[in-house]
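> Need coordinates for the following:
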Amino acid sequence: GVDYKGRLQLTKDILSMREPDQINKLLKENNIKYIYAPKVFNFSPDTERLKVKIIFENSEVKVFKVN
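The predicted structure follows:
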């Protein structure tokens, strides 16, 4: 009963975008505090321009905290 389709599309949009200003806008508008990024998505942002910090990393995932 949970409407997940909008969040799923937002996640795909964020992981596929390359423009930090657009990503920062989406993160702020949607009150997103953390990004859980499986390494298969190759999400390697410029952490200064995107305003995120890696708080956890292992062989499968990276977790970022949004500033």
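
> The residue nearest the centre of the chain sits in which helix or strand?
Taking Cα atoms, centre = their mean, the centroid of the chain lies closest to residue 35, which sits 4.1 Å from it. Element membership of residue 35, judged by DSSP states H and E, is strand 34-38.

> Contacts for that strand, please.
Strand 34-38 has contacts (Cβ atoms under 8 Å, 6 or more residues apart in numbering) with 14-15, 27, 43, 52, 55, 60-66. Using the backbone N, CA and C atoms, a C-beta is placed for each residue, glycine as well.

> Generate a ChimeraX selection restricted to the buried entries among those residues.
Buried members of these, defined by 16 or more other Cβ atoms under 10 Å, are picked up in ChimeraX with:
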select :14,27,43,52,62,64,66
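
> neighbours of residue 10, just the number please.
15 (other Cβ atoms under 10 Å).

> Pull the contacting residues for it.
By Cβ under 8 Å, 6+ apart, the residues touching residue 10 are 26, 30.
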